[in-house]
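Enquirer: Here is my input, please return the structure:
(3 chains)
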Amino acid sequence: MPELLDFGKNSIFIWTCYGITILVLGSLVITSLRKKKMTKRALTTVLDEQNKTK
Amino acid sequence: MLSYFANPVRFQALSKWISPILGIGAIILIIPSWIMALFIVPADYQQGDTFRIMYVHVPAVFAASGAYAFLAIASFFSFVWRHPLADTAARVAAPIGAAFTFLGLFTGALWGKPMWGAYWVWDARLTSTLVMLFLFLGYMAIRAAIRDENSSARIGAIAAMAGAINLPIVKYSVEWWSSLHQSASISLSGSEIDNSMSTTLFVGIIGYFCLFGWLVINNMLSELDARKARALVIRSSDQRPSTASKQMTENPDA
Amino acid sequence: MMSQLKLIIFRDLLLATRSGGNWAQGSIFFILFIMLAAFALGPDQAERGFIAPALVWLAVTFASQLSLSQLFSEDLNDGSLECWITDNRSLSIYVIGKVFSHWISNFAPILLLSPFAAVMLGADISSAPILIVSLLVGGPAMVLIGGMASALTANLRGAGLLIVLISGPLLASPLIFGVGAVQAGTINSVAMKLLGAISLFSLVLGPLISRLALKIHLE
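Expert: Below you'll find the predicted structure:
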């Protein structure tokens, strides 16, 4: 481990904390973006279908 | 003024501006604060490098408390004025708040191990955060359990408000309890806080709030789209049988 | 107003006597919990005696929430709640009456068993009066908070665990002060007063919330 990333005997605690934070916050962001994309797509297909039937 | 923004179309137009601001704000505040926290801020003279956990722990707990306050206020608006938008805000805020609460608890526990020698101490702050996690989970459970959308919104709003009224009482009881059972723990105010430390912490907290706002707005937007799509599908399926029955009445022999 | 209260209490107590012993479920759970707790803690009587009041309070807290799932849902489903409303009777009185009769039929038996449970766990018999007083003072809070959760979930089938999930976090306060009151050893302790304060607060908040929730279910 490079010296910059080494915080002595407690580095495992520090890295686990930052790791889990990045994991949870990252998955929150990714799921929100994916959900937004999917709902938008679902809405446009519904709108397209209805325009066609008209 | 609030009813002005309660219109979903206005909300969508407004969020086009606010969402990028919050998103960019979250990125340019959180990431530098972490870099500062990990590499630049000097180690605390009492706790050494363990202190660096504070920069992910404290913002998470702050954002979690803010999320509960947001949930309670949105529930209040949804209950009193029956605004569907306020209810959507409350419903999407709950899982996000629960995630922040979980992060606060997890990092708190990992901070506690090198600091107090135990992963979990039943100290007032950790314990009342745990209670808050259960309030979030209870709210989500009740929203999921009630199928009828209107009654789910109203019952959920009452549950959230009841939790918000009780949370200070629970917090006080836990403080009373831990002061009785436990020797005084290390308090943060006791250690000298370097100027760069408090700035970093402050930036991180603002960044977390930006992230929370961004997540809520974007989840609300997807919720609105999903609801719109559902409504369109229902309307079109309503129309088809009605035209069929119309044909029936016009031409009974067919 | 008093006549309405009397009406609902007598009706519910009569129903409880004819329910085929449903009222005893909480008490049986209570004794079971105590027995299993004793097994978990091992045969050392002195060690158990030290934490007996805490265990009894914990068992009472859970037992008091158990039988609550049907407190309001039966009346909501069979229409008697609607009749009560259409007769222009007070919903707050209804809630208070319901919770009170539940306290008599389900909580009071647990209360009577609690000193025996404490002694079985190895507590000194001299601590029994203070235990009973603490449960008398804190009982209303437990039943009212549980009633609130029960009213919120009244239109759901099999909401038993959901009730505990909602009321559980709020039950932290009565539990903390209840155990504190027993451990303080005197009736006049700060914990006992705070426990009473929580019960009084629940007496205001519980019926209010339950009323709102039942109104929504009736809409």
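Enquirer: wait, residue C:155 sits on residue B:151?
Expert: Yes: with contacts defined as CB atoms under 8 Å, residue C:155 counts as touching residue B:151 at a distance of 6.9 Å. For the C-beta atoms, the positions are set from N, CA and C on the backbone; glycine is no exception.
Enquirer: Please identify which of those two sits among more neighbours.
Expert: Neighbour totals were compared for residue C:155 and residue B:151, and residue C:155 leads with 22 against 15 (other CB atoms under 10 Å in any protein chain shown).
Enquirer: Name the secondary structure element that contains the more buried one.
Expert: Mapping residue C:155 onto the secondary structure by DSSP states H and E places it in no helix or strand at all.
Enquirer: quick one: contacts for the closest residue to it other than its chain neighbours?
Expert: Distances taken as CB to CB, 6 or more residues apart in numbering or on different chains place residue C:217 nearest to residue C:155, at 4.8 Å, with adjacent residues excluded. The contact partners of residue C:217, by CB atoms under 8 Å, 6 or more residues apart in numbering or on different chains, come to B:151, B:155, C:76, C:154-155.
Enquirer: now the helix or strand in which residue C:217 is found: how far from the chain's centre is it?
Expert: In this structure, residue C:217 is located in helix C:190-218 according to DSSP H and E. Its chain's average C-alpha position is 12 Å from that of helix C:190-218, according to CA atoms, centre = their mean, to the nearest Å.
Enquirer: mind listing what's buried in it?
Expert: Within helix C:190-218, the residues that qualify as buried are C:191-192, C:194-196, C:198-199, C:201-202, C:205-214, C:216-217, counting by 16 or more other CB atoms under 10 Å in any protein chain shown.
Enquirer: got it, and stretch B:195-210?
Expert: Residues B:197, B:200-201, B:203-210 are the ones in stretch B:195-210 that count as buried (16+ other CB under 10 Å).
Enquirer: Mind picking the lowest-pLDDT entry from these?
Expert: In terms of pLDDT, the least confident member of the buried residues of stretch B:195-210 is residue B:197, at 76.
Enquirer: Where does that residue sit: helix, strand or coil?
Expert: Going by DSSP: H, G, I helix; E, B strand; the rest coil, the secondary structure assigned to residue B:197 is helix.
Enquirer: hang on, it packs against residue B:41?
Expert: Yes: in this structure, residue B:197 is within contact of residue B:41 by CB under 8 Å, at 5.5 Å.
Enquirer: Quick one: the helices in chain A, in order.
Expert: Using DSSP state H, the helices assigned to chain A run over residues A:11-53.
Enquirer: got any ranges where it has weak pLDDT?
Expert: Scanning chain A for pLDDT under 70 picks out A:1-9, A:54.
Enquirer: go on, the stretch 101-250 of chain B?
Expert: The model of the stretch 101-250 of chain B has pLDDT under 70 over residues B:180-194, B:238-250.
Enquirer: If we use 90, what do you get?
Expert: Within the stretch 101-250 of chain B, the stretches with pLDDT under 90 are B:108-129, B:145-151, B:165-202, B:224-250.
Enquirer: same deal with chain C?
Expert: Across chain C, the stretches falling below the confidence threshold (pLDDT under 90) are C:1-8, C:10-26, C:37-54, C:65-92, C:119-128, C:154-162, C:164, C:180, C:182-191, C:217-219.
Enquirer: Identify the residue spatially nearest to the residue nearest the centre of it, adjacent ones excluded.
Expert: Nearest to the centroid of the C-alpha atoms of chain C, with distances taken as CA atoms, centre = their mean, sits residue C:143, at 3.2 Å. Nearest-residue entry for residue C:143: residue C:103, 5.0 Å, with adjacent residues in sequence omitted and distances by CB to CB, 6+ apart.
Enquirer: now do residue C:191
Expert: Across the structure, with CB to CB, 6+ apart as the measure, the residue nearest residue C:191 apart from its sequence neighbours is residue C:180 (3.4 Å).
Enquirer: burial of that neighbour, as a residue count?
Expert: Based on other CB under 10 Å, the number of other residues close to residue C:180 is 24.
Enquirer: What strand or helix carries it?
Expert: Following DSSP H and E, the helix or strand that holds residue C:180 is helix C:172-184.
Enquirer: try residue B:65
Expert: Taking DSSP H and E as the definition, one finds residue B:65 inside helix B:54-81.
Enquirer: buried residues in that helix?
Expert: Judged by neighbour count (16+ other CB under 10 Å), helix B:54-81 contains these buried residues: B:54-68, B:70-79.
Enquirer: what's the answer for stretch C:90-108, then?
Expert: Buried residues in stretch C:90-108, counting neighbours by 16+ other CB under 10 Å, are found at C:90-91, C:93-103, C:105-108.
Enquirer: how about the residues of the stretch 51-200 of chain B near chain A?
Expert: Proximity of the stretch 51-200 of chain B to chain A (CB under 8 Å from any CB of the partner chain) is limited to residues B:52-53, B:56-57, B:60, B:96, B:99, B:102-103, B:106-107, B:110-111, B:113-114.
Enquirer: Let's see that with 6 Å instead.
Expert: Selection of the stretch 51-200 of chain B residues close to chain A by CB under 6 Å from any CB of the partner chain yields B:52-53, B:56, B:99, B:103, B:106-107, B:110, B:114.
Enquirer: Residue B:163 and residue B:133 touch, don't they?
Expert: No: under the criterion of CB atoms under 6 Å, residue B:163 is not in contact with residue B:133, lying 11.4 Å apart.
Enquirer: More neighbours: the two, which one.
Expert: Here residue B:163 and residue B:133 are compared on neighbour count by other CB under 10 Å; more neighbours surround residue B:163, at 24 against 21.
Enquirer: Assign the more buried one to helix, strand or coil.
Expert: Judged by three-state DSSP, the three-state class of residue B:163 is helix.
Enquirer: got the contact list for it?
Expert: By CB atoms under 6 Å, 6 or more residues apart in numbering or on different chains, the residues touching residue B:163 are residue B:135.
Enquirer: Just give the number of residues close to residue 41.
Expert: I'll assume chain A. 12.
Enquirer: Oops, wrong one, chain B.
Expert: One way to gauge burial is a neighbour count; for residue B:41, by other CB under 10 Å, it gives 22.
Enquirer: Please apply the same query to residue C:17.
Expert: Burial of residue C:17 is recorded as 11 neighbouring residues (other CB under 10 Å).
Enquirer: So for the spatially closest residue to residue B:206 that is not a sequence neighbour, what's the pLDDT?
Expert: Among residues not flanking residue B:206 along the chain, residue B:29 sits closest, at 5.5 Å (CB to CB, 6+ apart). Among the per-residue scores, residue B:29 shows a pLDDT of 92.
Enquirer: residue contacts, residue B:108?
Expert: With contact taken as CB under 6 Å, 6+ apart, residue B:108 is in contact with B:57, B:126.
Enquirer: Helices of chain B, residue ranges please.
Expert: With DSSP H as the criterion, chain B has helices at B:2-5, B:8-35, B:54-81, B:84-116, B:124-145, B:149-181, B:195-250.
Enquirer: and the longest one, what does it pack onto?
Expert: For helix B:195-250, the helices and strands in contact under the criterion 3 or more CB pairs under 6 Å, 6 or more residues apart in numbering or on different chains; DSSP states H and E are helix A:11-53, helix B:8-35, helix B:54-81, helix B:84-116.
Enquirer: how far off helix B:149-181 does it point, in degrees?
Expert: Taking axes from the mean of the first three to the mean of the last three CA atoms, to 10 degrees, one finds helix B:195-250 and helix B:149-181 inclined to each other by 160 degrees.
Enquirer: same question, the third one
Expert: Using the same axes, to 10 degrees, the direction of helix B:54-81 lies 140 degrees away from that of helix B:149-181.
Enquirer: what about the closest residue to residue C:71 other than its chain neighbours, helix or strand, and which?
Expert: Leaving aside its sequence neighbours, residue C:71 sits nearest to residue C:150 (CB to CB, 6+ apart; 4.4 Å). Assigned by DSSP H and E, residue C:150 belongs to helix C:128-152.
Enquirer: from the chain's centre, how far out does that helix sit?
Expert: Its chain's average C-alpha position is 5 Å from that of helix C:128-152, according to CA atoms, centre = their mean.
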